[in-house]
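A.B. asks: got a predicted structure here, sequence first:
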Amino acid sequence: MELQGKKVLVFGSGKSGIGASDLLAKVGAFPVIYDGNAETDKDAVVHKTDGTYPVTVYAGELPKEVQDSLDLVVLSPGVPTDLPLVKSFYEQGLPVWGEVELAYRVGDGEVLAITGTNGKTTTTALLGKIMQDARESVFVVGNIGTPYTSKALEMKQNSVTVAEISSFQLETIDEFAPKVSAILNITEDHLNRHHTMEEYIRVKELITENQGTEDVCVLNYEDEVLREFGKHLTPRVVYFSSGRKLDEGIYLDGNKIILKDGEKEIEVVKTEDLKLLGKHNFENVMAAVAMAYYDGVSLDSIRKSICEFTAVAHRIEYVTEKKGVVYYNDSKGTNPDAAIKGIQAMNRPTLLIGGGYDKQSGYDEWIEAFDGKVRYLVLIGQTKEKIKEAAEKHGFHDIILCEDLKEAVKVCEEKAQPGDAVLLSPACASWGQFDNYEQRGDMFKEYVRNL
């Protein structure tokens with residue numbers, strides 16, 4: 001679609017919406033911003049745009065004459081596609097894109113895209129480093145914090161875009177086709193948005209929808225859903241495994257990561273040479289290595305990059321040590337499966353801070369993964385009673401309920417003994433008490449440093 005001269009509704013006034021609006025104006029379209037919340041401060045929204053174009057903001061009710069005059073709708077990732085207003089756009093025959101689709105249509109070069117329930121950010125950052133060390137024009141965008149739309153116009157024919165793509169963003173793609181894609185894993189998450197596990201899986205798998213036979217898809221062999229999915233794909237499938245040797249692909253063999261490409265069996269790296277801890281991180285490394293290798297980066301270059309890479313903020317991030325107690329920030333553990341990885345990475349008695357916004361997750365597997373490591377479970381947020389009930393059902397009773405994160409940190413300081421760890425790994429989203437998981441992690445670090 002030629003965007004110049006088109007009237008486009010940008011649904012959502014957050015970071016993604018503003019990025020989309022600015023990009024649309026730069027390519028000659030006429031954006032209109034809409035927010036479903038009638039209390040939205042329209043002037044504040046206008047001030048968030050780059051100020052180079054006139055923009056009208058609607059809040060609460062969208063006038064029918066505005067809807068009838070549109071050529072295209074761009075949805076922010078936070079807007080559910082089953083809202084009555086969004087359904088009415090589809091019924092009207094309007095194209096409905098997400099910001100990823102918009103950026104893909106405008107941007108140039110090749111795309112390497114990563115999705116999955118857990119590990120996306122670490123894998124994206126790691127692949128970003130590998131590509132930046134190997135190529136001259138590289139952009140790392142998406143769910144990792146930089147809106148794809150904010151960089152699209154800078155992308156040239158020789159550019160490589162490494163994109164972290166969420167299920168919310170995949171719902172609204174149309175032509176988006178990465179050269180190399182990866183699905184790291186699929187476990188229960190966001191069921192409040194996707195409603196069923198089947199729908200969540202379907203949406204995740206859309207990342208491969210437009211890939212051709214020349215393209216590559218990297219999948220986790222240890223994930224049964226993905227192993228089955230790989231049998232029916234158009235692009236070349238490359239598996240990684242932390243559980244077994246593969247006839248072809250990349251796998252963990254003791255303390256070595258091995259790449260098997262045809263007859264060649266190559267040792268990529270020894271795990272002790274990496275700065276990342278835990279099996280889940282070795283899986284992230286394998287996915288990033290496979291993506292870079294099948295995009296043509298030399299193994300020598302890949303090896304150097306992965307050995308230099310350090311952990312991402314908010315993902316089992318070392319904060320500090322006080323009075324013999326080590327503090328870790330795993331605020332990105334926003335669902336039980338991610339939080340299981342957090343507790344599994346601990347190698348000392350742990351005081352665990354959990355709880356937050358309720359995404360309708362179950363907490364039984366998380367509680368079972370405590371494995372005798374958790375001395376106290378310190379709970380905050382909307383889910384604290386629900387998690388307490390689940391923990392007691394599994395025979396865990398050392399539970400302390402707190403009003404907020406600040407109190408939880410103070411309680412942990414009082415209860416911790418030298419040699420313990422304090423881990424913020426909430427198993428829940430941050431909304432309600434915080435804007436996002438980054439803010440929650442930053443506040444945790446601040447409270448810890450002020451002890």
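C.D. replies: Thanks, I have it.

A.B. asks: so residue 231: helix, strand or coil?
C.D. replies: Assigned with DSSP: H, G, I helix; E, B strand; the rest coil, residue 231 falls in the helix class.

A.B. asks: residue 438 too?
C.D. replies: Quick answer, by three-state DSSP: residue 438 is helix.

A.B. asks: next helix or strand past the lowest-mean-pLDDT helix or strand in the chain?
C.D. replies: Every helix and strand of the chain was ranked by mean pLDDT, DSSP states H and E. The lowest is helix 191-194, at a mean of 54. Heading C-terminal from helix 191-194, the first helix or strand you meet, by DSSP states H and E, is helix 197-205.

A.B. asks: tell me how far that following helix is from the chain's mean position?
C.D. replies: Helix 197-205 sits 15 Å away from the centroid of its parent chain (Cα atoms, centre = their mean, to the nearest Å).

A.B. asks: tell me the mean pLDDT for it?
C.D. replies: Averaging pLDDT along helix 197-205 gives 79.

A.B. asks: and for stretch 119-135?
C.D. replies: 95.

A.B. asks: chain center to that stretch: distance?
C.D. replies: Taking mean C-alpha positions (Cα atoms, centre = their mean), stretch 119-135 and its chain are 14 Å apart.

A.B. asks: same check on stretch 303-316?
C.D. replies: 16 Å.

A.B. asks: mind listing what's buried in it?
C.D. replies: Buried residues in stretch 303-316, counted by 16 or more other Cβ atoms under 10 Å: 303, 305, 306, 309, 311, 312, 313, 314, 315, 316. (C-beta placed from N, C-alpha, C; glycine too.)

A.B. asks: do stretch 274-287 as well
C.D. replies: Quick answer for stretch 274-287 (16+ other Cβ under 10 Å): 274, 276, 277, 278, 280, 281, 282, 283, 284, 285, 286, 287.

A.B. asks: and the residues you listed as a markdown table, adding distance to residue 26, pLDDT and secondary structure?
C.D. replies: Formatted as a markdown table, the buried residues of stretch 274-287 follow (distance: Cβ to Cβ, whole Å; pLDDT from 0 to 100; DSSP: H, G, I helix; E, B strand; the rest coil):
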| residue | distance to residue 26 | pLDDT | secondary structure |
| --- | --- | --- | --- |
| 274 | 41 | 90 | coil |
| 276 | 38 | 83 | coil |
| 277 | 42 | 76 | coil |
| 278 | 42 | 80 | coil |
| 280 | 39 | 86 | helix |
| 281 | 38 | 89 | helix |
| 282 | 41 | 94 | helix |
| 283 | 39 | 96 | helix |
| 284 | 34 | 95 | helix |
| 285 | 37 | 97 | helix |
| 286 | 38 | 98 | helix |
| 287 | 34 | 98 | helix |
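
A.B. asks: turn those into TSV, columns for distance to residue 125.
C.D. replies: Shown next, in TSV, are the buried residues of stretch 274-287 (distance: Cβ to Cβ, whole Å):
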residue	distance to residue 125
274	14
276	11
277	15
278	16
280	15
281	12
282	15
283	15
284	9
285	12
286	15
287	12
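
A.B. asks: which single one of those residues is nearest to residue 148?
C.D. replies: residue 287 (19.9 Å; Cβ to Cβ).

A.B. asks: doesn't residue 221 make contact with that closest one?
C.D. replies: No - in this structure residue 287 lies outside contact range of residue 221 using Cβ atoms under 8 Å: 11.2 Å.

A.B. asks: quick check: residue 416 touching residue 325?
C.D. replies: Yes - with contact defined as Cβ under 8 Å, residue 416 reaches residue 325; the gap is 4.4 Å.
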